[in-house]
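Chemist: sequence plus predicted model, see below.
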Amino acid sequence: MRVHFIAIGGAAMHNLAMELAARKNYQVTGSDYEIFDPALSHLREAGLLPEQMGWHPERITSDLDAVILGMHAREDNPELLRAKELGIPIYSFPQYLYEQTKNKTRIVIAGSHGKTTTTAMILYVLKQLGIEADYMVGAQIQGFERMVHLSESAKYAVFEGDEYLTSPLDLRSKFLWYKPHIAILTGIAWDHINVFPTWDSYVDTFRRFTHTIDQTLIYFGQDRTLVQLARENEERIQCLPYDSYQGDVPMQVFGKHNMQNLQAACLACQQIGIAPDTFYRTIASFTGAGNRLEKIAETDAFVAYKDFAHSPSKLQATINAVREHHPERRLIACMELHTFSSLTADFLPQYKDTMNQADEAIVYFNQHVIEHKHLAPITVEDVKKAFGRDDLFVYTDSRQLHDDLLHKDYRNTALLMMSSGTFDGINVKELAQTIANSQ
């Protein structure tokens with residue numbers, strides 16, 4: 001099989017490319033306009049890094065069996081146009097995953113928050129119990145070589161279901177392709193306003209997702225929107241609400257939101273024959289998914305975490321979790337406004353009161369990123385007003401932020417760094433270790 005990836009540098013795309021390249025009967029190539037780490041290093045190590053960046057239609061030849069199209073390519077991409085001209089089958093990333101797993105029992109975890117961790121919990125338990133599964137998850141998980149795995153032999157496929165767009169040729173949500181037998185919905189909190197400009201349009205894509213479920217919907221029972229979606233489907237499929245785990249088995253992960261994720265994962269595993277007692281005993285050693293409340297430094301007087309939180313609901317849940325876990329420590333919470341939604345002036349008020357549980361709250365954003373995304377400018381005062389904290393520290397210079405963080409008093413303190421980006425080049429783990437070593 002000869003497969004070519006257009007926009008191979010994406011997080012999921014490059015993992016799928018490496019997964020296929022590891023098969024004996026696959027020959028994989030790819031292209032992209034620009035590729036950044038960690039994809040750059042991963043592709044180089046796998047021998048898949050394009051010799052030249054950019055789009056080269058001459059690479060698209062009639063002996064290709066398939067082209068896999070990434071979301072970050074454009075509709076007028078010259079390689080895509082050439083593939084169409086030659087009649088080569090073109091698949092989006094989620095479409096290809098479905099085609100490879102359509103004869104398997106599919107478990108899909110969707111929602112505005114918690115889906116990566118919940119997916120990781122299910123995969124962790126399956127692996128510990130020796131149950132093979134195909135998968136796609138949005139973070140690196142301890143004990144798993146890649147973020148994507150496909151096989152001939154697995155009976156199950158576990159996918160993190162993303163509501164973002166499928167491809168330049170298919171402007172529907174990715175998760176609409178997966179057609180799950182068992183689905184989890186963790187909660188709905190408006191996001192991706194560049195794609196879903198209204199709350200109703202955002203909810204509607206989740207409503208369409210519920211219509212694709214074949215057997216069972218597992219949903220967070222305290223979310224009123226999910227309760228309504230369950231009512232709309234309860235005559236067609238089994239609908240199971242969940243709340244937080246309340247058992248007495250000690251867990252490595254913490255926070256109310258993680259206890260909810262854990263309970264959802266347990267119910268999904270029950271659907272494929274794993275008893276609750278077995279699940280809880282197995283999940284007790286799970287330490288979390290990469291970048292999800294990941295502990296990056298610790299001394300007797302100081303602890304630091306990093307997290308992917310960027311949307312309002314994720315931000316608040318993460319801060320509250322650390323506050324509850326370290327009630328006796330001063331909590332310094334620092335987040336980066338990095339996504340399209342978070343840098344949009346009309347969306348900023350969604351962050352009101354989300355950082356109130358932090359003793360010291362810090363927000364960073366880069367005006368150049370706003371310009372790059374062709375958004376209207378926002379000011380430091382706009383951010384302070386939106387978050388509803390007069391004492392909010394707002395930075396627009398990452399070097400100044402780094403220096404100020406380095407020189408704070410961290411006695412009896414928890415530091416929480418949250419971003420879907422990089423704080424424009426700050427090595428968060430290195431920073432935390434430097435602080436720890438100075439204690």
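Modeler: Here it is on my side, so go on.
Chemist: tell me, how many residues neighbour His310?
Modeler: By other Cβ atoms under 10 Å, 20 other residues sit near His310. For every residue, glycine as well, the C-beta is placed using N, CA and C.
Chemist: nearest residue to it other than its sequence neighbours?
Modeler: Nearest-residue entry for His310: Ser420, 4.3 Å, with adjacent residues in sequence omitted and distances by Cβ to Cβ, 6 or more residues apart in numbering.
Chemist: so who does that neighbour touch?
Modeler: Residues in contact with Ser420 (Cβ atoms under 8 Å, 6 or more residues apart in numbering) are 308, 310, 336, 338-339.
Chemist: quick one: the helices in the stretch 1-150 of the chain?
Modeler: Under the criterion DSSP state H, counting those that start in this stretch, the stretch 1-150 of the chain contains helices at 11-21, 39-45, 78-86, 93-101, 115-128.
Chemist: the last one - what's its average pLDDT?
Modeler: Across helix 115-128, pLDDT averages out at 96.
Chemist: which residues touch it?
Modeler: Contacts for helix 115-128 (Cβ under 8 Å, 6+ apart): 107, 109, 132-133, 135, 137-139, 141-144, 156, 158-162, 184, 186, 253, 258, 261-262, 264-265, 268-269, 274, 279, 282-283, 285-286, 288-289, 292, 308.
Chemist: are any of the residues you listed buried, and which?
Modeler: With neighbours counted by 16 or more other Cβ atoms under 10 Å, the contacts of helix 115-128 contain buried members at 107, 109, 133, 135, 137-139, 141, 144, 156, 158-162, 184, 186, 253, 258, 261-262, 264-265, 268-269, 274, 279, 282-283, 286, 288-289, 292, 308.
Chemist: okay, and which of the residues you listed map to helices?
Modeler: Judged by DSSP state H, those include 258, 261-262, 264-265, 268-269, 279, 282-283 as members of helices.
Chemist: which one of those residues is nearest Thr212?
Modeler: Relative to Thr212, the closest of those is Ala268; by Cβ to Cβ it sits at 16.4 Å.
Chemist: could you measure from the closest one over to Val158?
Modeler: Separation of Ala268 from Val158 (Cβ to Cβ, to the nearest Å) stands at 8 Å.
Chemist: quickly list what's touching both of those two.
Modeler: Joint contacts of Ala268 and Val158 (Cβ under 8 Å, 6+ apart) are 107, 109, 122.
Chemist: just give me the closest of those residues to Tyr242.
Modeler: Ile109 (12.5 Å).
Chemist: quick check: the closest one touching Asp162?
Modeler: No: using Cβ atoms under 8 Å as the test, Ile109 is too far from Asp162 to be in contact (10.1 Å).
Chemist: what does stretch 101-111 contact?
Modeler: Contacts for stretch 101-111 (Cβ under 8 Å, 6+ apart): 115, 118-119, 122, 134, 150, 154-163, 175, 178-188, 206, 209, 220, 264, 268, 271-272.
Chemist: ok, of these, which come out buried?
Modeler: Neighbour-count burial (16+ other Cβ under 10 Å) applied to the contacts of stretch 101-111 gives 115, 118-119, 122, 134, 150, 154, 156-163, 175, 178-188, 206, 209, 220, 264, 268, 271-272.
Chemist: those in strands, which ones?
Modeler: When DSSP state E is applied, the buried ones among the contacts of stretch 101-111 are split such that 134, 156-160, 182-185, 220 fall in strands.
Chemist: can you pick out the most distant pair from these?
Modeler: Across those, the two members that end up farthest from each other (Cβ to Cβ) are Asp134 and Phe220, 25.5 Å apart.
Chemist: give the closest residue to the residue sitting nearest the centre point of the chain in space, chain neighbours not counted.
Modeler: Nearest to the mean C-alpha position of the chain, counting by Cα atoms, centre = their mean, stands Gly138 at 4.6 Å. With Cβ to Cβ, 6+ apart as the criterion, Gly138 has its nearest non-adjacent residue at 4.6 Å, and that residue is Thr116.
Chemist: next, count neighbours for the one you found.
Modeler: When neighbours are defined as other Cβ under 10 Å, Thr116 has 23 of them.
Chemist: which strands and helices sit next to the least confident helix or strand in the chain by mean pLDDT?
Modeler: For the chain, counting by mean pLDDT, DSSP states H and E, helix 367-372 ranks last in confidence among helices and strands (a mean of 90). Applying 3 or more Cβ pairs under 8 Å, 6 or more residues apart in numbering; DSSP states H and E, one finds that helix 367-372 contacts no other helix or strand.
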